[in-house]
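**Student:** show me how the following folds:
(chains A and B)
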2 protein chains.
Amino acid sequence: MFSILRVNTVTGETRKETDNSKEVLLGGRTLSSRMVSKEIPAQCDPLGRQNKLFFCSGALAGTTASSCHRLSIGAKSPLTGGIKESNAGGILALRMAQQDLRCIVLEDAPAEDADWKIVVIGKDKTELVDGSFLEGKGVYEKSDLLTEKFGKRAGCVTIGPAAEKRLLASGLACSDPHGVCSRYAGRGGLGAVLASKRIIAMVVLDDAKIKPEYVDKDSFKQGAKKLITLLQENPVASKFTKYGTAAMVDICQALKVLPTRNFKHGTMEGAEKINAQTMYDTIKERGGEGRTQHACMPGCVIQCSNVYPEKDGTILCSPIEYETMALMGSNLCLTDLDAIAVMNRIANDAGVDTLDCGAAIGVAMEAGLAEFGDAKAAIRMMEEIRDATPLGRILGSGVKLAAKILGVRHAPHVLGQALPAYEPRGTKGMAMTYLSTPMGADHTFGFTLRDEEDPTTKEGKVALSKKFQVIGSRMDAMGMCNFVRYSVRDDMTPLLDLIKARYDVVITEEEFDDFVRETLRLEHQFNVDAGITAADYRFAETFYEEAQPETGEKIDITDAETAEARTW
Amino acid sequence: MFSILRVNTVTGETRKETDNSKEVLLGGRTLSSRMVSKEIPAQCDPLGRQNKLFFCSGALAGTTASSCHRLSIGAKSPLTGGIKESNAGGILALRMAQQDLRCIVLEDAPAEDADWKIVVIGKDKTELVDGSFLEGKGVYEKSDLLTEKFGKRAGCVTIGPAAEKRLLASGLACSDPHGVCSRYAGRGGLGAVLASKRIIAMVVLDDAKIKPEYVDKDSFKQGAKKLITLLQENPVASKFTKYGTAAMVDICQALKVLPTRNFKHGTMEGAEKINAQTMYDTIKERGGEGRTQHACMPGCVIQCSNVYPEKDGTILCSPIEYETMALMGSNLCLTDLDAIAVMNRIANDAGVDTLDCGAAIGVAMEAGLAEFGDAKAAIRMMEEIRDATPLGRILGSGVKLAAKILGVRHAPHVLGQALPAYEPRGTKGMAMTYLSTPMGADHTFGFTLRDEEDPTTKEGKVALSKKFQVIGSRMDAMGMCNFVRYSVRDDMTPLLDLIKARYDVVITEEEFDDFVRETLRLEHQFNVDAGITAADYRFAETFYEEAQPETGEKIDITDAETAEARTW
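**Tutor:** Next up is the predicted model:
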């Protein structure tokens, strides 16, 4: 039986439910999206008392399998107005498993000026305790204060000052294996949702240490070993081990889809100054606390994360991901890795999504508030976001609103969520995917880029996008890291065998994909009920009217095609 | 035959069409909404080249009838994302009639950095001339420069610096009988639409002076006289003659629907300091250029407008309307008429809507950016709007966006357009109307307030709202001032007889109302096509959850009821 713990954020009352269904077994997005769909009125104010937050661990959480501790967080998004599942690495899913929890639900909301509370979940009790000592502090300081109070091994999730001030690009920061809240469920403004409940942090204590019971321990061991081999032998996953996601800089520059100058261009002169090799060499050269490999969750063999050091070897920022390097780098015409790292660090400390903020700064530069390439101005804008000045509030509210406020038409977003780092006019597969996801433009979903024969044509891209929508969603569906998908895309049995060995529950590939498709159906229906229409599943008009200079391409995808790509 | 003049804002090419249909005869909103519906792709970017602006005079424009020179301006609204008809008084409709024009259409849009142009329409030619000398200047200065160049009798429409900077609450300022661009089509962001076409002003010269041909001049004379009697004898319309719309302050305070403290309350202590009598006495006492009566268009006998003077008798602002007194006054807890007048003047000079800006400042005060009642802070915020600082951009982009950016849930708007000056929880009729109009919350449409037996109940309000939706829309439908409706609400024949005497065209009351209802149908359909759904025809959730203190009332109107109120 799997446990669901409900916490009322007004009264502090808690309630534990158990459920033995396969949906709850799978956990992850399978569970979070079902609960959002079932329990949240689609038209409610995302920052009101009717919204809820669901924290769901995955099917293999707590086990020794690699890359299995992603935490899916579900709610109605204040950024997109639709359903949201945002997932993060870190140790929270593991700690939940060790408390025998598949899901934690935060319900209701007190008055807007109620005292800040921390939800503390231990083996004996769950309670709301005073959180006022965290108020106004950056995520790094909050992180220190939380580990000081609850121990370095506690699984924490907290928010930055941006979320306290209800900025819509604010995320949730989850603690990594070192006790630092650096693993972000960054997208969709879920930080503001937690803040709207006057919860400034949630802590799952390390006081239970329940170990998973394996129905067939030997099989599980063998299966876990096999998964490691698959990950290590896979050329894509193994490349992430050396370079992390930064490997995409060169790939995207070559494909002419590296977002540059507010998504007006697809290549940047000097891109090699911020590519994976440069980052790798810089980290190696500076040494100290720098790391080219780093695991975001215990037991992961991919270790795509990194630690980027200052010149003196102390930590500057961890991790720096490709999406950030593009949105805060090439998109702003910055060719200085250190500047990108500083911006990333400010974003992590303020508790905002690097993609949404990078895109908003790009729009601000197009509006003439600073020159493209001006790193100092870009850093200053990040500081304004952290300080929630009027300009900072504009830039921290997502690129759609920022563009409206600043009078810029070329706003790179779908459903209000900033486009990830693949300029869509040059990759019609990714464009199709952006226009198809219920979550707003997203790169972990339907990632076609590596599999497009001709990225500049839309022919066949509905089917291709849908194929990869399923492949990507499978990982979220059971709380696995997205990068595992490369190793099991043609054969999910290695993972399904692990489920069988752990629980003695058989889920066939077909049945599993039925869950995945049904999740997508429920998510799209939630958005329809929330009032999102075909008119929202579009890029800004400029993407249809103005050709990307490098490829000569415009968006030529029709509403009918995207509707088909959203139909399951 | 009625003439429609099309002007391409890129090439300067013009094209004249003629049309003899009754829709074109009626002009006004009947014509503008039909043209928007027919010619503008509902999902286009309102600031892109596919949007158009339609300037439509009404059926009696150019004649000697009272109150017949309203100008209906149609487009897709960048503020609401839906259809917009915003109308204004002034002399433009008269000048159009004297050039034998029923409609002027501005099409296409040049590059965003193209030079500013002025559209100049004369009897011999229509051309785009250099408008760069107007750039960046306030509306008052633009107004002076325009009359200097084109003569005091030219009919002008221009924009303020707010529209040049694409603020979404920016309006269109039309010249009054004195040649001052002070008559605003303020709502829906149409100023930004004109600016997006790089047109900084449009001028209809006074060089044609074509007089209307009356098919039956004697009947027309008698009919026009009869209309004057009806207006002068009507108790409501005649009250406007003495006090203007300011008479509503006391009425709304008594009904507990005077928006106060960001629409949290329905009464304000000290409301008498900003009521009609105080304004009347102040104007009389200060004398000089002050006027308690003032006609916004030639030949109007209602003369509801006013001129509010400085202490030394020079003009401070003209006009000051009730909606402004409430949104910039009681809504901000200001009890100082002079402060309201200063804010109003800045708004007129910056070229922004006073309602949308007042509501946004209320939200900013709730967000803690200033104290309610702080007149200096409120004036400073208006200056920031004029200067388009980051805060000014937030406040000048409409209250929906401002509230999202500033983290305020109690956002007083429907479809992004600020609520007019009737707190909806205390008047369920007006609430129903706000939720039913295709234009976003609006007070000139479905004005039930004077006819609600029990304003606190929603019983019967669908029917009541619909009844007054038709009564109000009839005036827009033929370019008459909204205040004429009190005199003809039970019998439209006085106006239809004038049409017959002018054109020898018979339009029965039934046929006329068919046009009105069909207009509403087309408008609602445009919004559906634009992606506006039932989820948008709602107040902020707080209006449903928190009772208004004075009446104890919440909004209890359902989606089904508002859908019925929008069905024609």
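**Student:** quick one: contacts of the helix or strand where residue A:254 lies?
**Tutor:** Secondary structure assignment for residue A:254, by DSSP states H and E: helix A:248-255. By Cβ atoms under 8 Å, 6 or more residues apart in numbering or on different chains, the surrounding residues in contact with helix A:248-255 are A:258, A:266-268, A:271-272, A:274-277, A:322, A:325-326, A:330, A:421-422, A:426-427, A:449, A:455. Quick note: C-beta positions are derived from backbone N, CA and C, even for glycine.
**Student:** what residues does the stretch 101-250 of chain A have near chain B?
**Tutor:** Proximity of the stretch 101-250 of chain A to chain B, by Cβ under 8 Å from any Cβ of the partner chain, involves residues A:112, A:165-168, A:192.
**Student:** and the residues you listed, which is closest to residue B:525?
**Tutor:** The closest of those to residue B:525 turns out to be residue A:168 (Cβ to Cβ; 31.4 Å).
**Student:** wait, the closest one touches residue A:398, no?
**Tutor:** Yes - judged on Cβ atoms under 8 Å, residue A:168 makes contact with residue A:398 at a distance of 5.0 Å.
**Student:** can you get me a residue count around the one residue in the stretch 351-500 of chain A that gets nearest to chain B?
**Tutor:** Relative to chain B, the nearest point of the stretch 351-500 of chain A is residue A:407 (3.2 Å; Cβ to the nearest Cβ). If you count neighbours by other Cβ atoms under 10 Å in any protein chain shown, residue A:407 ends up with 24.
**Student:** what ranges do the strands span in the stretch 401-550 of chain A?
**Tutor:** For the stretch 401-550 of chain A, the strands defined by DSSP state E, counting those that start in this stretch cover A:413-414, A:417-418.
**Student:** which one of the ones you listed is the most hemmed in?
**Tutor:** strand A:417-418 (a mean of 32; mean count of other Cβ atoms under 10 Å in any protein chain shown).
**Student:** what does that strand contact?
**Tutor:** Applying Cβ under 8 Å, 6+ apart, the external contacts of strand A:417-418 come out as A:77, A:79-80, A:187-188, A:327, A:353, A:355-356, A:358-360, A:398-399, A:412, A:439-442.
**Student:** for the residue in the stretch 51-200 of chain A that chain B sits nearest to, phi and psi?
**Tutor:** Closest residue of the stretch 51-200 of chain A to chain B, Cβ to the nearest Cβ: residue A:166 (3.2 Å). Dihedral pair for residue A:166: phi 70, psi 30, per degrees, to the nearest 10.
**Student:** then the one 4 residues further on?
**Tutor:** Backbone torsions for residue A:170, taken as degrees, to the nearest 10, come to phi -80, psi 140.
**Student:** the one 4 residues further on now?
**Tutor:** Backbone torsions for residue A:174, taken as degrees, to the nearest 10, come to phi -110, psi 150.
**Student:** ok, back up a step: can you redo the residues of the stretch 101-250 of chain A next to chain B as a markdown table with pLDDT, distance to residue B:283 and secondary structure?
**Tutor:** A markdown table is the format used below for those (pLDDT from 0 to 100; distance: Cβ to Cβ, whole Å; DSSP: H, G, I helix; E, B strand; the rest coil):
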| residue | pLDDT | distance to residue B:283 | secondary structure |
| --- | --- | --- | --- |
| A:112 | 94 | 42 | coil |
| A:165 | 97 | 44 | coil |
| A:166 | 97 | 43 | coil |
| A:167 | 98 | 46 | coil |
| A:168 | 98 | 45 | coil |
| A:192 | 98 | 47 | helix |
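**Student:** tell me the most packed of these, by neighbour count.
**Tutor:** Comparing these by number of neighbours (other Cβ under 10 Å), residue A:167 comes first, having 35 neighbours.
**Student:** skipping adjacent residues, who's closest to that residue in space?
**Tutor:** residue A:396 (3.8 Å; Cβ to Cβ, 6 or more residues apart in numbering or on different chains).
**Student:** and the one you found, what does it touch?
**Tutor:** Shown in contact with residue A:396 (Cβ under 8 Å, 6+ apart): A:162, A:167-170, A:350, A:352, A:356-357, A:360, A:385, A:388.
**Student:** identify the farthest-apart pair in those residues.
**Tutor:** Spatial extent of the contacts of residue A:396 (Cβ to Cβ) is set by the pair A:356 and A:388 at 15.0 Å.
**Student:** the two: who's more crowded?
**Tutor:** Taking other Cβ under 10 Å, residue A:356 and residue A:388 do not tie; residue A:356 has more neighbours (33 against 19).
**Student:** nearest residue to that one in space, please, no chain neighbours.
**Tutor:** residue A:169 (3.9 Å).
**Student:** any idea how many residues pack against the one you found?
**Tutor:** Count around residue A:169 with other Cβ under 10 Å applied: 36.
**Student:** one step back: what's the residue nearest to residue A:167 sitting at in phi/psi?
**Tutor:** Residue torsions, per degrees, to the nearest 10, at residue A:396 are phi -100, psi 10.
**Student:** just confirm residue A:2 contacts residue A:16, I think it does.
**Tutor:** No - assessed by Cβ under 8 Å, residue A:2 is found out of contact with residue A:16, at 10.8 Å.
**Student:** before we move on, back to that, what sits against the residue nearest to residue A:356?
**Tutor:** A:79, A:162, A:189, A:352-353, A:356-357, A:360, A:396-398.
**Student:** list the buried residues in the lowest-mean-pLDDT helix or strand in chain A.
**Tutor:** Lowest on mean pLDDT, DSSP states H and E among the helices and strands of chain A sits helix A:235-243, with a mean of 85. Of the residues in helix A:235-243, A:237, A:240-241, A:243 count as buried by neighbour count, 16 or more other Cβ atoms under 10 Å in any protein chain shown.
**Student:** thanks again, I'm all set now.
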